[in-house]
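Peer 1: generate coordinates for the sequence data below:
(one chain, ligands or ions: 2)
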Amino acid sequence: MSDTRDRAEIEREVFLAGTAAGLAVPVSLPLDAHLHTVRSPDANAMLEAYCVLAVDRGLAELAITDHVDFDPAMPAYGFASFADRERDVREAAKRWAPQGLAIRFGVEITYERAYEDDIRGWLKRHPHDYVIGSVHISAESPYKASNVASFVAGKRLADVVAPYFDEVIGAAHSGLFDTIGHMDFVKRYLVPHVLPADLAKAPELYEPVLAAMIDTGTALEVNASGLRQLPRETYPAANIVARYRELGGRHVAVGSDAHRTEWFGYGLAEAYRLASAAGFAALAFRRGAGRVDVPISGLKR
Ligand SMILES: [Zn+2]
Ligand SMILES: [Zn+2]
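Peer 2: Ligands and ions are numbered 1, 2, ... in the order given. As a prediction, the model looks like this:
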C-alpha cells in the first residue's frame, strides 16, 4: 500500500513540476485522440469540462476513449454500457459542433490474447469512430508493485520486457485496432528497477513490436501521459518514434490520455513536437469510416 501511495505522490510532484515548466499551457492543436471521462473506472473528469477547455485552448477535435475490459478481473469490465458511452459522446458532439469542436466516439480496449475472439466479436457489434488497443497491467501481472522487484531480479532486460511486448505484438497482429496505445507503458511499472534510460539504450527490444505495427498498418501512439508519470517521458520516447519512422512506419497518433480535468492537454504539444521531429507531417486518425490524416503543420515552437 505504501508503495502505491509513494508512487502516486511522486507522480503528483512530476505533474506539478511539468506544469511549472509549461507542459500544461494552453495550446492550439488539431486533435487529442485519447481521453477518459467518468465512464472509465479510473477517471473522474466530466466530458463537458474537457469541451469547455478544448474551446478555450483552441483544440479542434477530441476522441473520447473510455476503457473497455474483457477480463472480469480488470476494473473496466462491465463498468459502463456501450449505450451510455455512445449517448454521452454523441449528445456532446451535437451540443459542441456549433462552437467548432468535433467530438468522436472512441474506445480504449485492454488487449489480452486470451480475449481476442471476444474483442473481435464485440467490436463487430459495437462500432466506434476510433479504436485504441492497449496492454495494461492485470491483477496477476509480473509488473504489479507487489511482484515487480522479484520478477526483475537477475533477469536480462529482454526477458524483463518480453511478457509486455509479446502482448503488444499480439494486439498489433490481431488487426483489431486503429492504434496501439502507450506501447511501452510497462516502463511506468519498472521504475526504479529498470529506468527509461536503460530502455532507451535498447531500441532493438522495441523493433519486433514496431515491425508488427508496420506490417499490420496499426498506428503508433505518442502518449503524453508518461510526461506526468514516473518515466517523465512519452510512451514511447522520441528515439523509438524516430526508429519506427526509419523502419518504414507511417502512421502516428497523439493523445494526452487525461483522466482528470487538470490533465487535459498536458504534454500534448510536446508529443506533437516529438512526432513532427521524427518526420511526421500528419496524424493517423479515424472518424468512423476509413483512416484519415490530420495535418500537424504550423506547430508553435
Ligand atoms: Zn491505457
Ligand atoms: Zn487511456
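Peer 1: now do the residue nearest to residue 266 when sequence neighbours are not counted, the pLDDT please.
Peer 2: The shortest distance from residue 266 to any non-neighbouring residue, by C-beta to C-beta, 6 or more residues apart in numbering, is to residue 24 (4.8 Å). Heads up, the C-betas are built off the backbone N, CA and C, glycines and all. For residue 24, the model assigns a pLDDT of 80.
Peer 1: give me every residue that touches residue 24.
Peer 2: By C-beta atoms under 8 Å, 6 or more residues apart in numbering, residue 24 lies in contact with 18, 262, 265, 266, 267.
Peer 1: narrow those residues to those in helices?
Peer 2: Among the contacts of residue 24, the ones falling in helices (DSSP state H) are residue 18.
Peer 1: which among the contacts of residue 24 count as buried?
Peer 2: 18, 265, 266, 267 (16 or more other C-beta atoms under 10 Å).
Peer 1: tabulate the residues you listed in CSV, adding columns for distance to residue 85 and pLDDT.
Peer 2: Output for the buried ones among the contacts of residue 24, formatted as CSV (distance: C-beta to C-beta, whole Å; pLDDT from 0 to 100):
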residue, distance to residue 85, pLDDT
18, 30, 90
265, 22, 92
266, 23, 95
267, 25, 96
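Peer 1: check the residues you listed and tell me the two furthest apart.
Peer 2: 18 and 265 (11.9 Å; C-beta to C-beta).
Peer 1: ok, how many other residues are close to residue 247?
Peer 2: As a burial measure, residue 247 scores 13 neighbours (other C-beta atoms under 10 Å).
Peer 1: and the pLDDT for it?
Peer 2: pLDDT, residue 247: 98.
Peer 1: just give me the neighbour total for residue 146.
Peer 2: 10.
Peer 1: let the chain start at 677 from now.
Peer 2: Sure, I'll start numbering at 677, so the last one becomes residue 822.
Peer 1: list phi and psi for whichever residue of the stretch 777-926 of the chain sits closest to ligand 2.
Peer 2: At 4.7 Å from ligand 2, residue 784 is the closest residue in the stretch 777-926 of the chain, using C-beta to the ion. Dihedral pair for residue 784: phi -110, psi 110, per degrees, to the nearest 10.
Peer 1: isn't it right next to residue 742, touching?
Peer 2: Yes: using C-beta atoms under 8 Å, residue 784 makes contact with residue 742 at a distance of 6.9 Å.
Peer 1: so where do the strands sit in the protein?
Peer 2: 708-711, 737-740, 743-744, 778-786, 806-810, 855-856, 895-899, 928-931, 958-962, 967-971 (DSSP state E).
Peer 1: residues in contact with the last one?
Peer 2: Among residues not part of strand 967-971, those counted as contacts by C-beta under 8 Å, 6+ apart are 706, 707, 737, 854, 927, 957, 958, 959, 960, 961, 962.
Peer 1: what residues of stretch 934-953 count as buried?
Peer 2: 934-935, 937, 939-952.
Peer 1: ligand 2 contacts on the stretch 777-926 of the chain?
Peer 2: residue 784 (C-beta under 5 Å from the ion).
Peer 1: can you name the residues that contact the nearest residue to residue 888 once chain neighbours are set aside?
Peer 2: Leaving aside its chain neighbours, residue 888 sits nearest to residue 848 (3.8 Å; criterion: C-beta to C-beta, 6+ apart). Shown in contact with residue 848 (C-beta under 8 Å, 6+ apart): 856, 885, 888, 889, 891, 892, 894.
Peer 1: what sits up against stretch 685-694?
Peer 2: 700, 903, 904, 905, 906, 908, 938, 939, 942, 943.
Peer 1: for the spatially closest residue to the fifth one that is not a sequence neighbour, grab the count of nearby residues.
Peer 2: Spatial nearest neighbour of residue 906, chain neighbours left out: residue 867 (4.2 Å); criterion: C-beta to C-beta, 6+ apart. With neighbours defined by other C-beta under 10 Å, the count for residue 867 comes to 16.
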